[in-house]
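> structure of the sequence below:
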Amino acid sequence: MASKPLKPSTSTDNADGSDSKKKKCFTFTVKNQLRKPEFNKSVIMKIENEKSPLIEYMEKAVVDDEQKRLMEKFTVTYYSGKGYFIEAINDVRGTYLADKSYWLIRSDLKKTDKGISSFIPQDGTEVLLELITDGPDDKCE
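Presented below is the predicted three-dimensional model:
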């Protein structure tokens, strides 16, 4: 007796129960509570290339209508050997020389030692760009 050929499986589940076709994404937040205009905006961004640094997602956010509510523009300066440094987001500048304020990258609420040129968002992470200050008000005495 001949056996019937097996139909190919249409399931996308892996052995661990996860969906192999599931899009990889991260939550991207931009926050400024130091100076006017204040903002705290978040979007979910798809990871299309697992090797893309954060600056590429920033570039996408300003040209993609769906992501534009995150940031309308940003300015950076390139330093040889170090990469890009954020000067301003939505015209809000870090003024390190005046008050020690700068744009910090956090991943899952932890400071990262990487910059926007080398930080690569991972699936499921929460990435925060926040204007902070290391000025005297933040120091313990």
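> contacts, neighbours, all on C-alpha from now
OK.
> quickly list what Thr27 is bridged to.
Ile44, Glu126 (DSSP bridges).
> residues contacting it?
Counting by Cα atoms under 8 Å, 6 or more residues apart in numbering, Thr27 touches 42-45, 124-127.
> please apply the same query to Lys51.
Lys51 is in contact with Ile120, counting by Cα under 8 Å, 6+ apart.
> so it is in which element?
Assigned by DSSP states H and E, Lys51 falls within no helix or strand.
> how near is it to Val43?
Distance, Lys51 to Val43, by Cα to Cα, to the nearest Å: 20 Å.
> what does Asp134 give?
Distance, Asp134 to Val43, by Cα to Cα: 27 Å.
> of the two, who's got more company?
Between Asp134 and Val43, counting by other Cα atoms under 10 Å, Val43 is the more crowded of the two (16 against 12).
> next, count neighbours for the closest residue to that one other than its chain neighbours.
Excluding the flanking residues, the one nearest Val43 by Cα to Cα, 6 or more residues apart in numbering is Phe28, at 5.4 Å. Each residue near Phe28 was counted by other Cα under 10 Å, and the total is 23.
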